[in-house]
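Novice: My questions are about this predicted structure, shown below with the sequence.
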Amino acid sequence: MEVAHDPGTARFGNFINYYSFNPPNNRLELIGEDFLKFLEADYSELDCIHCLDIGCNSGDLTTALYEKLSSTVRVKFLGVELDTTLVERCHASNRYPGEISYQKADLTSAADRQDVISEYLRKHAIDRFHVVCCFSVTMWVHLNNGDAIFREFLSYVAKLSLNLLLEPQPWKCYRNAVRRMKRSQCEPFEHFEKLQWRTEVEKCIEGFLTENCAMDIKTSYGHTKWQRPVTWLCSK
Ligand SMILES: C[S@@+](CC[C@H](N)C(=O)[O-])C[C@H]1O[C@@H](n2cnc3c(N)ncnc32)[C@H](O)[C@@H]1O
């Protein structure tokens with residue numbers, strides 16, 4: 001897969017220069033002290049906590065999250081990303097190779113889930129990640145796979161998470177992505193017109209996770225500058 005230089009061709013959100021227009025701090029500053037205090041209170045007796053960053057792009061947000069969370073407890077991060085070139089960039093710029101690892105994986109693929117995620121959990125003798133981060137990824141999974149596979153993806157993510165930090169894109173972003181794709185004369189997203197979760201998609205996602213996936217909302221951290229909600233959910 002070619003990493004995208006033209007934003008219109010970033011079919012999976014695999015922008016080459018993502019952090020030049022959405023720096024990590026836009027999301028990081030929203031995550032409150034309550035989250036850090038919770039980690040310290042609940043996990044400080046563990047050797048370390050294991051965190052998964054889904055769709056880690058070039059690793060800038062993963063690194064920033066690692067630095068923030070490791071101020072309270074010992075942390076190991078696994079960043080997964082479906083674009084090979086971006087994974088190579090993650091490896092090349094990894095400042096914490098002992099604590100952060102990166103792997104190429106498409107988290108809608110059963111084989112990648114098995115080879116990368118199940119293997120990581122097995123190796124570290126854990127059933128779930130203490131923290132799963134899913135920032136600005138949901139729309140890409142939804143647009144590329146449609147409602148049914150997207151719901152299955154959310155169920156899978158919920159099953160992996162003791163705590164989930166989630167930043168879903170609102171409907172406006174879907175329309176922009178579709179417009180950019182059209183402007184670049186690329187194949188349209190074949191599922192877009194048929195999506196049933198539409199205008200209130202963030203609420204649909206939240207409702208699905210709480211009603212169908214045994215998760216509770218712990219804290220709503222408000223919205224980023226791009227009007228995307230950041231929420232901490234935990235398993236019941
Ligand atoms: C818009 S970027 C967000 C990057 C990062 N999570 C952040 O918020 O800073 C979305 C990333 O998710 C990746 N991605 C999209 N679908 C994915 C999937 N099914 N499995 C793994 N990564 C995926 C894309 O390649 C892209 O790098």
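Specialist: Done, it's in.

Novice: which bits of this protein sit near the ligand?
Specialist: Residues of the chain lying near the ligand by C-beta under 6 Å from any ligand atom: 12-14, 18, 55-57, 61, 80-83, 86, 106-108, 135-137, 140-141. (Glycine included, C-beta is placed from N, CA and C.)

Novice: Identify all contacting residues around the longest helix along the chain.
Specialist: For the chain, the helix that runs over the most residues, judged by DSSP state H, is helix 138-160. With contacts defined as C-beta atoms under 8 Å, 6 or more residues apart in numbering, helix 138-160 is touched by 11-13, 52, 54-55, 107-108, 113, 117, 128-129, 132, 134, 164, 166, 168-169, 173-174, 177-178, 189, 191-192, 194-197, 201, 205, 208-209, 212-215, 235.

Novice: For beta bridges, what are the partners of the nearest residue to Ile100 once chain neighbours are set aside?
Specialist: Nearest non-adjacent residue to Ile100, counting by C-beta to C-beta, 6 or more residues apart in numbering: Phe77, 4.4 Å away. Counting by DSSP bridges, Phe77 is bridged to Cys51, Ile100.

Novice: What residues does Tyr102 make contact with?
Specialist: Residues near Tyr102 by C-beta under 8 Å, 6+ apart: Cys56, Gly59, Thr62, Leu78, Gly79, Val80, Glu81, Val87, Cys90, His91, Asn94.

Novice: Now do the contacts for Phe208.
Specialist: Residues counted as contacts of Phe208 (C-beta under 8 Å, 6+ apart) are Arg151, Leu154.

Novice: I'd like to check the angle between the helix or strand it falls within and helix 138-160, please.
Specialist: Element membership of Phe208 [criterion: DSSP states H and E] is helix 201-212. On the basis of axes from the mean of the first three to the mean of the last three C-alpha atoms, to 10 degrees, helix 201-212 is oriented at 20 degrees to helix 138-160.

Novice: where in the protein is pLDDT low?
Specialist: For the chain, the stretches flagged by pLDDT under 70 are 1-5, 7-8.

Novice: Spit out the contact partners of the residue most central in space within the chain.
Specialist: Closest residue to the average C-alpha location of the chain: Cys134 at 2.1 Å, with C-alpha atoms, centre = their mean. Going by C-beta under 8 Å, 6+ apart, Cys134 touches Ile54, Gly55, Val157, Leu164, Leu165, Leu166, Glu167.

Novice: Buried residues in stretch 80-92, which are they?
Specialist: Buried residues in stretch 80-92, counted by 16 or more other C-beta atoms under 10 Å: Val80, Glu81, Leu82, Asp83, Thr85, Leu86, Val87, Arg89, Cys90.

Novice: Contacts for it, please.
Specialist: By C-beta under 8 Å, 6+ apart, the residues outside stretch 80-92 that reach it are 1-3, 12, 14, 16, 52-59, 62, 79, 102-107, 112, 116-117.

Novice: The contacts of helix 138-160 in helices, which ones?
Specialist: Filtering these for helices - DSSP H - leaves Cys173, Tyr174, Ala177, Val178, Val201, Ile205, Phe208, Leu209, Asn212.

Novice: Please list all residues in contact with Ser101.
Specialist: Lys76, Phe77, Leu78, Gly79.
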